[in-house]
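> Mind folding the following:
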Amino acid sequence: MYEGIRPRGRLPRFLTGLGLLGIGGCAALTFKQPETAPQPLPTIDRPAQSSRAPARPDGSSLTDAQARAALIGQSDLGAPWTATRGAATWRDGMLKASTSAGGCQKLLDVLYSDQLLGGPARVAVGLDDADTDAQLRYQIGARRPSDVDAALKWLRTMPVDCARFTATTGQNLQEDVRVSELALPEVGDARQGLHITVSATTEDEQDVRLTLDVATVRVGDDAFAFTNGGLGDVPNDATQAAVQVGALRLADVRRQGRVNV
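Next up, the predicted model:
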């Protein structure tokens, strides 16, 4: 599924069979999730309400070109982030799972389908960190503000309603899933972050752990979602930077109004 990936070192049989990214590089990371989000370097004013009528049925006033311009890229985050080589195969290997824990199945489905805003992305970009095999995905949503706020409201319940639950993959791997709040910079009009870990022990007694930082932010009538995931730890500073830069970029593009991009 993920052509071109050559994991480093000897992989557990389970990971080799699924084609998962190697965990050796991830395990060496020392990034830790901060208790509180760092203060944003540039301050962001609350976006002014647009005087233009929405250009699309979903309520967005952005043209397709402006939506693409609002995406972040590897130049925004710097090394070692590069253009993605394809969807990370841990998505099928560990997120395609089922649980009997009530509404927590919806969370797994949303993470697997990458629809944090409650629907498919309007435009999206993926980046890989070849040093740690982490992968991030940034998307501009195609949802009305009221729908985005409903998705945010639901996500805020997850650290309580789905703080810890078990799930089973199609390969009968038993997973321990934990969900907690992720502090984000105070940007945009509404936001929610989650820190998620999915841990399991393979049939040959090897421990694996998938870590996901996810964030959703609404800026005026538009919104973006962000996922930073990998086997082992993931760089939280990349999450914070992407949210900060993404909100600045989207607010700036919205302010351009009718200016061509």
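> in the sheet, who's paired with the residue most central in space within the chain?
By C-alpha atoms, centre = their mean, the chain has its centre lying nearest to Thr227, at 1.0 Å. Beta-bridge pairing of Thr227 under DSSP bridges involves Arg137, Val214.
> Show me the strands in the chain, by range?
81-83, 97-98, 121-129, 134-141, 164-169, 174-181, 190-201, 207-219, 222-231 (DSSP state E).
> In CSV: these, plus mean pLDDT and distance to Leu107.
(C-beta placed from N, C-alpha, C; glycine too.) As requested, these are exported to CSV (pLDDT from 0 to 100; distance: least, C-beta to C-beta, whole Å):
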stretch, mean pLDDT, distance to Leu107
strand 81-83, 88, 26
strand 97-98, 96, 11
strand 121-129, 92, 18
strand 134-141, 92, 17
strand 164-169, 97, 9
strand 174-181, 98, 7
strand 190-201, 96, 8
strand 207-219, 95, 10
strand 222-231, 94, 13
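> and of those strands, who's closest to Leu152?
strand 190-201 (4.9 Å; C-beta to C-beta).
> so what strands line up beside that closest one?
strand 174-181 (antiparallel), strand 207-219 (antiparallel).
> Would you mind finding the most buried of these?
strand 207-219 (a mean of 23; mean count of other C-beta atoms under 10 Å).
> Tell me the gap between it and the middle of its chain.
Taking C-alpha atoms, centre = their mean, to the nearest Å, one finds the center of strand 207-219 at 5 Å from the center of the full chain.
> could you give the angle of it to strand 134-141?
30 degrees (axes from the mean of the first three to the mean of the last three C-alpha atoms, to 10 degrees).
> Specify the angle between strand 207-219 and strand 222-231 in degrees.
Using the same axes, to 10 degrees, strand 207-219 lies at 170 degrees relative to strand 222-231.
> Looks like the residue nearest to the centre of the chain contacts Tyr112 (just checking).
No: counting by C-beta atoms under 8 Å, Thr227 does not reach Tyr112; the two are 11.0 Å apart.
> Would you mind putting the CA coordinates of stretch 217-228 into PDB?
Taking Å, rounded to 0.1, in the frame of the first residue of the first chain, the C-alpha atoms of stretch 217-228 are listed here in PDB:
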ATOM      1  CA  VAL A 217      -9.700  24.600  14.100                       C
ATOM      2  CA  ARG A 218     -12.500  26.800  12.700                       C
ATOM      3  CA  VAL A 219     -11.500  30.200  11.300                       C
ATOM      4  CA  GLY A 220     -14.600  32.200  10.400                       C
ATOM      5  CA  ASP A 221     -16.600  30.200   8.000                       C
ATOM      6  CA  ASP A 222     -13.800  27.900   7.100                       C
ATOM      7  CA  ALA A 223     -12.000  25.200   9.000                       C
ATOM      8  CA  PHE A 224      -9.000  22.900   8.800                       C
ATOM      9  CA  ALA A 225      -8.100  19.500  10.400                       C
ATOM     10  CA  PHE A 226      -4.600  18.100  11.100                       C
ATOM     11  CA  THR A 227      -3.300  14.700  12.000                       C
ATOM     12  CA  ASN A 228       0.200  13.900  13.100                       C
END
